[in-house]
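1. the sequence isn't on hand, but the structure is:
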């Protein structure tokens, strides 16, 4: 076993998420995508709430971003073909529902505390 192969085996999930051209398992990729969408959801909810944004356009931009950004991340940065894992929606899986909940809770909560 070469030193390079031994080094790749010792990478944590987050180190692997920041490294290009790694081999991914379905559960690992879904975990990284889940946390990426979760962080994006809370950040955007806080941002929209602080600035007092309201309405359907905010929700639409969130939803488009929550699908587009992870897709761009795993195809362009990680070099992963989503068809190897069952397609885009299979990789996004449960992340979308919980991400929407986190976004709405943080957006409405912060908006209500500051602007109501």
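-> Here it is on my side, so go on. Quick caveat, the model's predicted, so the values are computed rather than measured.
2. when you work out contacts or count neighbours from here on, use the C-alpha atoms and nothing else.
-> Will do.
3. now the closest residue in space to residue 107 that isn't next to it in sequence: how far from residue 110?
-> Closest residue in space to residue 107, ignoring its immediate chain neighbours: residue 45 at 3.9 Å, by CA to CA, 6 or more residues apart in numbering. Look at residue 45 and residue 110: by CA to CA, to the nearest Å, they are 8 Å apart.
4. ranges for the helices of this protein?
-> Assigned by DSSP state H, the helices in the chain fall at 3-9, 13-17, 26-51, 56-72, 88-92, 95-115.
5. in the longest one, what's buried?
-> Across helix 26-51, burial judged by 16 or more other CA atoms under 10 Å covers 29-34, 36-38, 40-50.
6. and it, what does it pack against?
-> For helix 26-51, the elements it packs on are helix 13-17, helix 56-72, helix 88-92, helix 95-115, judged by 3 or more CA pairs under 8 Å, 6 or more residues apart in numbering; DSSP states H and E.
7. where in the protein is pLDDT low?
-> Along the chain, the model assigns pLDDT under 70 to residues 1-9.
8. so residue 26 is in contact with residue 83, correct?
-> No. Using CA atoms under 8 Å, residue 26 makes no contact with residue 83, being 11.1 Å away.
9. returning to what we had before: make CSV from the helices of the chain and add distance to residue 79 to it.
-> Below are the helices of the chain laid out as CSV (distance: least, CA to CA, whole Å):
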stretch, distance to residue 79
helix 3-9, 16
helix 13-17, 11
helix 26-51, 12
helix 56-72, 10
helix 88-92, 14
helix 95-115, 20
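10. number of nearby residues for the nearest residue to residue 28 once chain neighbours are set aside?
-> Leaving aside its chain neighbours, residue 28 sits nearest to residue 13 (7.1 Å; criterion: CA to CA, 6+ apart). Residue 13 has 14 neighbouring residues, counting by other CA atoms under 10 Å.
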